[in-house]
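Engineer: Please find the sequence and the predicted model below.
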Amino acid sequence: MARLGGWGWEEEGNTNTSTNTNAAAEHAAAEAKAEGEVIAQGAPRTADSSSRSPPPPSTVGALRNRRAAVLNLGREHEEIEEEEEVKAANAGSAGTTSPRSPSRRSPPFSAKVVLSPSQQRRLMWTAEQTPLSRRGKQAKQHYRHVQRGRRPWAVFWALMLMLLVLAMPLLQTWRRLWVAHRIGVQAAFVCVVSHFFPLVDHSDDFVDGERLAQDRRRLDLANHLNMAPAIAGTEDILVPSSKGNHSIPIRLFRPLSAGGRGKKKKTTGGGMEGGKGPALSKVLVWIHGGGWTIGSIDSDDKIARRLAAATGAVVASVEYRLAPEFKYPAQVDDTVDALEFLLTQGEDFGLDTRKVAVAGESAGGHLTIVSAMALKSAKTRLCAILPVVPATNYGCDSASCDRFNDGFLLTQGQVRAFWNAKLSDPDTEQHDFLVSPLRAPQEVFDDMPPMLVMTAGLDPLRDEGEAFVDRAREMGANVELMRFEHTIHGFFGRLVTGGAGGIVHAAEWLERTCEWGVLDEVEEA
């Protein structure tokens, strides 16, 4: 680093001071010699310096010219040295100093420059010492403070922009669905999400057990997206199976205000004579869906809670064995065994077995119908059955299956994969009325209790469910049909279009058909 010295510019760390001192002395001697020659050519000197007259103008001009010549000579010397250094660098000897042309030489003149403190600070600049650096530091701190305050908003707007970009395909798909089918916003959202992230992967017809287990866990987790009111509590019981050594899990959901809660019921025997025991609660058996391959009590936990709160009945949710590990008729056997247990031993758990209703959704709706067909004297033992969007015929070959084959949550490929996973020999077993209740004979419909079949307007199973209603009416059965337009499969009891309305209509129909209100009045009397 170059700095100002008493004799001119010097390189910091240069130890060759003798060279600089000799050069300065040579320049001073040359200058004095030139001045002496000029004075000798003019007036003679006197002993008295005070009486010496000033040199004439010509002498001053000659002195100045001589000084300029000396300075020019120094500049030429510097230029020569620079040329030699360039030549040495080009020749590959850069970084070496020759005695003839030293790389560090002081100027050929001496000058003492006095700098102010501010100028010295600028020459010796550091980020902590100069006012400019302090102002820059303050500006940076202010900028960082402002940016730190703007950062949350920047992140917020970036997320909003990202959501808008992601929502554009959803909005376009919803617009297309709305124009074509007048579908609700919630149902359209479910359709679009299920299109990109299907709930069930049936590409291998459920051969991969690990992938099927992931589908089952995913359906159980989807239950937490639903909402349900508070209830009094739950109770788990195990029912022995009549067709094996396994047990059938049942979970009882007891509502806060069950029919007959806190009342007394007269007993005719087996208890205290003439005494009064605790009142029994009305029962609604719920059978979960899932294509007979997925689903459990946990997957329909919120639906059972909503049904218990809406109907005031104890909801008994049944968990049956699943395909493809257990083929047909394992699902029907477990459902019938659970119904028989609740009808015969329900009083031990505070259940009124005089009027029991059965309901289910999708595959559970199919089991609701066929379990009533397989149950002996179902017409007198069950007060009503309520299948929701049921599968009633093998194959999914109806017009609605072809029209809504993809993009509406449940696809035609999934329905066929479910059927093939359930049946061991589809070509033969599809003609059994416990597989395809649409093909049931006349005597089966004669023993059926009152039915309410709920269908969805945008469901692949819509036409076969309504065809079953027409078939039951032709056979003389007491059956009603309720279609929920502009909604999709699996709407019942969930946060999609028609989900809450389905629960309300089901509760009103069960109250009216099973005469649960009349039973409460009799008990009060």
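Structural biologist: All right, it came through fine.
Engineer: contacts and neighbour counts: CA atoms only from here.
Structural biologist: Fine.
Engineer: On the pLDDT front, check P57 for me.
Structural biologist: Per-residue confidence at P57 stands at 59 (pLDDT).
Engineer: Now do the helices in the stretch 401-525 of the chain.
Structural biologist: Taking DSSP state H, counting those that start in this stretch as the test, the helices found in the stretch 401-525 of the chain are 412-422, 426-429, 442-446, 462-474, 499-514, 516-524.
Engineer: Over to the stretch 51-200 of the chain?
Structural biologist: Using DSSP H, counting those that start in this stretch, the helices of the stretch 51-200 of the chain run over 57-90, 117-123, 131-181, 185-196.
Engineer: coming back round to it: and V207, which of the helices of the stretch 401-525 of the chain is closest to it?
Structural biologist: Shortest distance between V207 and these, using Cα to Cα, is found for helix 412-422: 8.8 Å.
Engineer: Now for V285: which residues touch it?
Structural biologist: By Cα atoms under 8 Å, 6 or more residues apart in numbering, the contact list for V285 reads 315-318, 339, 356-359.
Engineer: Turn these into JSON lines, including pLDDT.
Structural biologist: Formatted as JSON lines, those follow (pLDDT from 0 to 100):
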{"residue": "V315", "pLDDT": "96"}
{"residue": "A316", "pLDDT": "96"}
{"residue": "S317", "pLDDT": "96"}
{"residue": "V318", "pLDDT": "96"}
{"residue": "L339", "pLDDT": "95"}
{"residue": "V356", "pLDDT": "93"}
{"residue": "A357", "pLDDT": "95"}
{"residue": "V358", "pLDDT": "96"}
{"residue": "A359", "pLDDT": "96"}
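Engineer: among those, which two are most distant?
Structural biologist: It's V318 and V356 that sit farthest apart of the contacts of V285, by Cα to Cα, at 14.1 Å.
Engineer: Quick check: which element contains P249?
Structural biologist: Using DSSP states H and E, P249 sits in strand 247-254.
Engineer: helices and strands around that strand, which ones?
Structural biologist: strand 233-240, helix 301-311, strand 314-318, helix 330-345 (3 or more Cα pairs under 8 Å, 6 or more residues apart in numbering; DSSP states H and E).
Engineer: Out of the ones you listed, which is the most enclosed?
Structural biologist: Comparing those by mean neighbour count (mean count of other Cα atoms under 10 Å), strand 314-318 comes out on top with a mean of 28.
Engineer: got the angle for that one vs helix 301-311?
Structural biologist: Interaxial angle, strand 314-318 versus helix 301-311 (axes from the mean of the first three to the mean of the last three Cα atoms, to 10 degrees): 150 degrees.
Engineer: what pairs with strand 314-318, and is each one parallel or antiparallel?
Structural biologist: Sheet pairing of strand 314-318 (DSSP bridges) gives strand 247-254 (antiparallel), strand 281-287 (parallel).
Engineer: quick revisit: out of the helices and strands packed on strand 247-254, the one nearest N223 is which?
Structural biologist: Nearest to N223 among the helices and strands packed on strand 247-254 is helix 301-311 (6.7 Å), distances taken as Cα to Cα.
Engineer: Report the contact partners of the residue lying closest to E464 once chain neighbours are set aside.
Structural biologist: Using Cα to Cα, 6 or more residues apart in numbering and skipping residues adjacent in sequence, the residue nearest E464 is T392, 6.1 Å away. Residues counted as contacts of T392 (Cα under 8 Å, 6+ apart) are 366, 435-438, 464-465, 468.
Engineer: how about the helices and strands packed on strand 247-254, which one is nearest G457?
Structural biologist: Relative to G457, the nearest member of the helices and strands packed on strand 247-254 by Cα to Cα is helix 301-311, separated by 20.7 Å.
Engineer: And this protein, split by domain according to the record?
Structural biologist: Residue ranges for each domain of the chain read 2-35+62-114, 132-196, 209-268+275-524, as given by automatic domain parsing.
Engineer: Can you find the helix or strand of this protein with the lowest average pLDDT?
Structural biologist: strand 264-266 (a mean of 40; mean pLDDT, DSSP states H and E).
Engineer: and the helices of the stretch 401-525 of the chain as TSV, adding distance to L159?
Structural biologist: Shown next, in TSV, are those (distance: least, Cα to Cα, whole Å):
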stretch	distance to L159
helix 412-422	35
helix 426-429	51
helix 442-446	58
helix 462-474	40
helix 499-514	31
helix 516-524	52
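Engineer: Tell me which of those approaches V370 most closely.
Structural biologist: Counting by Cα to Cα, V370 lies closest to helix 442-446 out of these; the figure is 9.9 Å.
Engineer: still on that earlier bit, can you tell me which of the contacts of V285 is nearest I183?
Structural biologist: Closest approach to I183 among the contacts of V285 (Cα to Cα): A359, at 25.8 Å.
Engineer: Now do the same contact list for A154.
Structural biologist: Contacts of A154 (Cα under 8 Å, 6+ apart): none.
Engineer: can you tell me how far it sits from R148?
Structural biologist: From A154 across to R148, the span is 10 Å (Cα to Cα, to the nearest Å).
Engineer: count of residues packed around F484?
Structural biologist: Close neighbours of F484, defined as other Cα atoms under 10 Å, add up to 19.
Engineer: actually G346, not the one I wrote
Structural biologist: A count of nearby residues for G346, using other Cα under 10 Å, gives 18.
Engineer: The one 4 residues further on too?
Structural biologist: Residue neighbour count, defined by other Cα under 10 Å, stands at 15 for G350.
Engineer: quick one: it and S281 touch, right?
Structural biologist: Yes - the criterion here is Cα atoms under 8 Å, and G350 meets it with S281 at 6.2 Å.
Engineer: quick revisit: reformat the domains of the chain as TSV; add distance to Q120.
Structural biologist: Formatted as TSV, these follow (distance: least, Cα to Cα, whole Å):
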stretch	distance to Q120
domain 2-35+62-114	10
domain 132-196	14
domain 209-268+275-524	72
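Engineer: and these, which is most packed in?
Structural biologist: Burial of the domains of the chain is given as mean neighbour count (mean count of other Cα under 10 Å); domain 209-268+275-524 ranks first at a mean of 20.
Engineer: so how far is that domain off the chain centroid?
Structural biologist: Counting by Cα atoms, centre = their mean, to the nearest Å, domain 209-268+275-524 is centred 32 Å from the centre of its parent chain.
Engineer: Let's verify the residue nearest to E464: helix, strand, or coil?
Structural biologist: Put simply, T392 is coil when judged by DSSP: H, G, I helix; E, B strand; the rest coil.
Engineer: Quick check: phi and psi on it?
Structural biologist: With angles defined as degrees, to the nearest 10, T392 sits at phi -120, psi 0.
Engineer: mind checking how far it is from L458?
Structural biologist: To L458, T392 is 17 Å away according to Cα to Cα.
Engineer: One more: V435?
Structural biologist: If you go by Cα to Cα, the gap between V435 and L458 works out to 24 Å.
Engineer: who's in contact with D300?
Structural biologist: D300 makes contacts with 220, 223, 288, as judged by Cα under 8 Å, 6+ apart.
Engineer: which residue ranges form the strands in the stretch 351-500 of the chain?
Structural biologist: Per DSSP state E, counting those that start in this stretch, the stretch 351-500 of the chain carries strands over the ranges 351-361, 382-388, 451-456, 479-484.
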